[in-house]
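Enquirer: task: produce atomic coordinates for the following.
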Amino acid sequence: MMRSQAEGPGVGSILFSLLGVGLGGLIAFGGLQMTKLRMYGLAIAASIVATIPCFSCCCCVIGLPVGIWALVVLSRQEVRNAFH
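Expert: Numbering: from 1, shown residues only. Here you go, the predicted model:
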């Protein structure tokens, strides 16, 4: 056990961390596009990813309600029509 800790992080943990950073970037970019009323599909995808606790940042307490709220708002017809 001590030997594996001395060697540093494994490939799996590095890949999982990179996946988390990439999905965090997707959430941030999707939120930015949502504020500009662009890329409706990306905004929906970012909202869905934000609701998944293991993919959003360590603050999943924030990601879940905000993601659900964003999905509810994005599902309104007047909001869909506002995107270009």
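
Enquirer: and M34, how many neighbours does it have?
Expert: Per other C-beta atoms under 10 Å, the neighbour tally for M34 reads 21. No exception for glycine: its C-beta is placed from N, CA and C like everyone else's.

Enquirer: before we move on, what about A70?
Expert: A70, neighbours per other C-beta under 10 Å, totals 21.

Enquirer: could we number from 336 for the rest of this?
Expert: Understood, numbering begins at 336; the last thing we discussed is A405.

Enquirer: within the helices and strands, which one has L350?
Expert: Using DSSP states H and E, the secondary-structure element containing L350 is helix 346-370.

Enquirer: which residues are contacting that helix?
Expert: Outside of helix 346-370, the residues that reach it under the criterion C-beta atoms under 8 Å, 6 or more residues apart in numbering are 344, 374, 377-378, 380-382, 384-385, 390-392, 398, 405, 409.

Enquirer: next SSE after it?
Expert: helix 375-386.

Enquirer: what pLDDT, on average, does that following helix get?
Expert: The predicted model gives helix 375-386 an average pLDDT of 94.

Enquirer: C-terminal to it, what's the next element?
Expert: Using DSSP H and E, the helix or strand that follows helix 375-386 in sequence is helix 395-409.

Enquirer: circling back: what subset of the contacts of helix 346-370 is buried?
Expert: Buried residues within these, defined by neighbour count using 16 or more other C-beta atoms under 10 Å: 374, 377-378, 381-382, 384-385, 390-391, 398, 405, 409.

Enquirer: adding distance to H419, write those residues out as TSV.
Expert: Putting the buried ones among the contacts of helix 346-370 into TSV (distance: C-beta to C-beta, whole Å) gives the following:
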residue	distance to H419
M374	10
L377	13
A378	12
A381	18
S382	18
V384	23
A385	23
F390	28
S391	27
G398	27
A405	18
L409	14
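
Enquirer: give me the number of residues near T370?
Expert: Around T370 there are 8 residues (other C-beta under 10 Å).

Enquirer: please consider this matter closed, and thank you.
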